[in-house]
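*Asks:* coordinates only, sequence not included:
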């Protein structure tokens, strides 16, 4: 499973880069583009012939196309939600989106567990259901994407895109629908200012060359995205069965423990929705990264103290605690944060680069998890989590309650009241 995630991350990086082009045509356009990749990609995979070399090629092509859509999700969803949310509850709405993503992963694992005896095992059942169940699982994203397309047909564009298209009245009305009355004028002024800047048609590299604040903000966002996955939680999720088996549990037990692990991930993310806007992104990130470090140390120490002892229970407790602290903050915040720190004239480029760094972290850690012992895995993730907590404390600035049209990293945005 880990290798498949590692391959998907490369395709997702391409999807992240495509978003910086299409996001300027409309945020809803970008969301529809996601379905435009996932539907044909999933169809190709689900309809691939079995037992033929051409079938594997068709599946590979389908996964490539759908993987691009995965990359677009990482940028398109937080970008749209951020621009369409009131400042006071933006964190909660973004975290709810992450709850849905985590629930989707949990549901997918549940579907996979319905086929307990895979092809090649001694007790494999050659019934039609068992042989073709994977096709239903692969086809399911087509159904979900079609439902999403129907719903998107009646979804409004963001004020920024509306004003950029010349629909001033529609942009004002959108601001009035989104924000409380006392914030409407300030938010609309910020949108007008952002549109004026975007019409200068300056390319991202030119903006970075003329204003070092763009460079600083991009480095903070990219490093945070990179550290999120370099600290290991996503790779632990995708390779948890291997780690649990390595700790001494049976393969069947590992499957159900993985199911429980994903459930804890969802529940901890739900808990985060209640504190995201009151505690703030920076505080929650520091707590979450620190929790990851402590729980990873709990998993690593027994292997150094008693390398020949049975450390199965300690490994399991550490794994569950690590994922719970991850879901509490490190999981939902980085993508959300990328949508809050970049000015609108730079947002497509900045978010795509930050999300690409995020997927690069998955590629690296997935390789390490697949080729290393539990001792190395927990030790590395403890060290990276400590570094990430220090990085957050020193470089990350708070965005809770501040306008998504501004940025705490830009002097001009602060003067406008954007943060």
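*Replies:* Received it, and whenever you're ready, just let me know what you need. All values reported here derive from a predicted model rather than from experimental measurement.
*Asks:* can you give me the helices for the stretch 101-250 of the chain?
*Replies:* Here the stretch 101-250 of the chain has its helices, by DSSP state H, counting those that start in this stretch, at 128-152, 159-164, 168-178, 181-198, 204-210, 212-230, 233-238, 240-246.
*Asks:* And these: which comes nearest residue 66?
*Replies:* Nearest of the helices of the stretch 101-250 of the chain to residue 66, taken as CB to CB: helix 128-152 at 7.0 Å. Placement of C-beta: from N, CA and C, glycine included.
*Asks:* Now tabulate the helices of the stretch 101-250 of the chain in a markdown table and tack on mean neighbour count, mean pLDDT and distance to residue 307.
*Replies:* Putting these into a markdown table (neighbours: other CB atoms under 10 Å; pLDDT from 0 to 100; distance: least, CB to CB, whole Å) gives the following:
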| stretch | mean neighbour count | mean pLDDT | distance to residue 307 |
| --- | --- | --- | --- |
| helix 128-152 | 15 | 85 | 39 |
| helix 159-164 | 24 | 91 | 57 |
| helix 168-178 | 17 | 94 | 57 |
| helix 181-198 | 17 | 86 | 57 |
| helix 204-210 | 14 | 86 | 49 |
| helix 212-230 | 21 | 93 | 26 |
| helix 233-238 | 24 | 80 | 21 |
| helix 240-246 | 21 | 81 | 14 |
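*Asks:* In JSON lines, list these along with distance to residue 332.
*Replies:* What follows is the helices of the stretch 101-250 of the chain, written out as JSON lines (distance: least, CB to CB, whole Å):
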{"stretch": "helix 128-152", "distance to residue 332": "20"}
{"stretch": "helix 159-164", "distance to residue 332": "23"}
{"stretch": "helix 168-178", "distance to residue 332": "21"}
{"stretch": "helix 181-198", "distance to residue 332": "24"}
{"stretch": "helix 204-210", "distance to residue 332": "26"}
{"stretch": "helix 212-230", "distance to residue 332": "10"}
{"stretch": "helix 233-238", "distance to residue 332": "12"}
{"stretch": "helix 240-246", "distance to residue 332": "19"}
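*Asks:* Out of the ones you listed, the one nearest residue 339 is which?
*Replies:* Short answer: helix 212-230, nearest of the helices of the stretch 101-250 of the chain by CB to CB, at 9.7 Å.
*Asks:* packing partners for the closest one?
*Replies:* Applying 3 or more CB pairs under 8 Å, 6 or more residues apart in numbering; DSSP states H and E, we find helix 212-230 packed against helix 204-210, helix 333-341, helix 347-371, helix 374-395.
*Asks:* 10 Å instead, please
*Replies:* Helix 212-230 is packed against helix 204-210, helix 281-305, helix 333-341, helix 347-371, helix 374-395, helix 411-416, with contacts defined by 3 or more CB pairs under 10 Å, 6 or more residues apart in numbering; DSSP states H and E.
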